[in-house]
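# Sequence first, predicted coordinates after that:
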Amino acid sequence: MDFRKHILSRGLPKTGQAIMYDPGDDGQYEAGWWIKQLNATNRTRYVATTIGSDVVVFDRATGLMWAGDGHEAGCNSGATITYTMGLVYANSLTFAGFSDWRLPNLFEQGSLVNYGLSPPRIVQPPFAYTQSLNYWSNTTYPADDTYAYIIDFGGGDIVVAAKTAGHYIRCVRLGV
């Protein structure tokens, strides 16, 4: 049995709606990663820690480990990069003592978006120095393979961009 599949299939995070506006809406159920526990009694989703001198964030909802500081090597030191170079950079990165980093897929990256926040729409801390701009996923746009999906942390939008454009990255790995 591959235990990693169970970690990644914990489910989607809660939306944060804690008020029931209508019977049967999300405020009544507060469905999500710790099912049947209200947000008020829920454990912290993101746990930041420093390994060596590198800041990483464990996402308890997905089992993923993220580069935490947007100015560190796990985020290309805060510089933009093309899609292809971003893939090469992430796949060859040694950070926080690990060498299995990669760019996140669209769903993994999208799980970080919090629409309840003002831009950038990501929890800061622990995701320090995140720009309200576009971040590459590793997911190619199927209608035109010269484009890939990006997440705009300014508005939380999912859009596509030419792979030759320069955007930000935040590397990820399986956190176990």
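Received, thanks.

# Do you have the helices of the protein handy? List them.
For the chain, applying DSSP state H gives helices covering 3-8, 26-29, 83-91, 106-110.

# For the third one, give the mean pLDDT please.
In this model, helix 83-91 has a mean pLDDT of 97.

# Mind listing what's buried along that helix?
For helix 83-91, the neighbour count (16 or more other Cβ atoms under 10 Å) marks Tyr83, Met85, Gly86, Leu87, Tyr89, Ala90 as buried. Quick note: C-beta positions are derived from backbone N, CA and C, even for glycine.

# out of those residues, who's nearest Thr44?
Ala90 (26.4 Å; Cβ to Cβ).

# shouldn't the closest one be in contact with Leu103?
Yes. Applying Cβ atoms under 8 Å as the test, Ala90 and Leu103 come out as touching, 4.7 Å apart.

# so what's in contact with the two at the same time?
Common contact partners of Ala90 and Leu103 (Cβ atoms under 8 Å, 6 or more residues apart in numbering): Asn138, Ile169, Cys171.

# got a list of what the first one touches?
Neighbouring residues of Asn138 by Cβ under 8 Å, 6+ apart: Leu87, Ala90, Arg102, Leu103, Pro104, Asn105, Ala148.

# Thanks a lot, see you next time.
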